[in-house]
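Engineer: pasting the sequence and the predicted model now:
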Amino acid sequence: MRKFSKGEEEAEVNMTPLLDIVFIMLIFFIVTASFVKEQGLQVTKPEDNQTDDNPPPDPDKRPISFIIDSANRIKHEFRTIDLSSVSSIIKRGSVERPDVPVIIMAADGSETGTVIRIYDEARKVGFRNDKIIVTKKK
């Protein structure tokens, strides 16, 4: 018996025909694809309704306002502040806008003591009782 011995040959896969087919399919799909412009909703923006009859609000007439939430945090102009800074805010506001009221809005669950302290600070600065408004936050 005769044995033929060959050296070990590595099997090789020729990728060239596969790549040719992939590129041909890619070109085919690009050429046959239909590009459609997507239709969307048309948005109409509202017109500016500022006329001479309806002037924008005057920033000098804006009241000095404080909001007390249910966790007893005090907010002034969208910032959370400390009770110790209330006095300086009221003083600055009374100098910049002397005829505006102080508005204190308290939420359900807020402490009455906080409302009274803000009220007292406004009285110390010189606001009369009719210029200090205490309301319930809605």
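Structural biologist: Nice, thanks for sending it over. Residues are numbered from 1 along each chain as shown.
Engineer: so what's the residue nearest to G109 when sequence neighbours are not counted up against?
Structural biologist: Once flanking residues are discounted, G109 sits nearest to S70: 3.6 Å by CB to CB, 6 or more residues apart in numbering. All C-beta atoms are positioned from the backbone trio N, CA, C, and that covers glycine. When contacts are counted by CB atoms under 8 Å, 6 or more residues apart in numbering, S70 touches 107-110.
Engineer: report the buried residues of stretch 121-132.
Structural biologist: Under the neighbour-count criterion of 16 or more other CB atoms under 10 Å, stretch 121-132 has 121-122, 125, 127, 131-132 buried.
Engineer: could you count how many residues lie near K137?
Structural biologist: 13 (other CB atoms under 10 Å).
Engineer: hang on, the earlier thing: which of the buried residues of stretch 121-132 fall within strands?
Structural biologist: I132 (DSSP state E).
Engineer: would a markdown table of the buried residues of stretch 121-132 with pLDDT and distance to E9 be doable?
Structural biologist: Shown next, in a markdown table, are the buried residues of stretch 121-132 (pLDDT from 0 to 100; distance: CB to CB, whole Å):
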| residue | pLDDT | distance to E9 |
| --- | --- | --- |
| E121 | 92 | 95 |
| A122 | 92 | 97 |
| V125 | 89 | 99 |
| F127 | 88 | 100 |
| K131 | 87 | 101 |
| I132 | 90 | 99 |
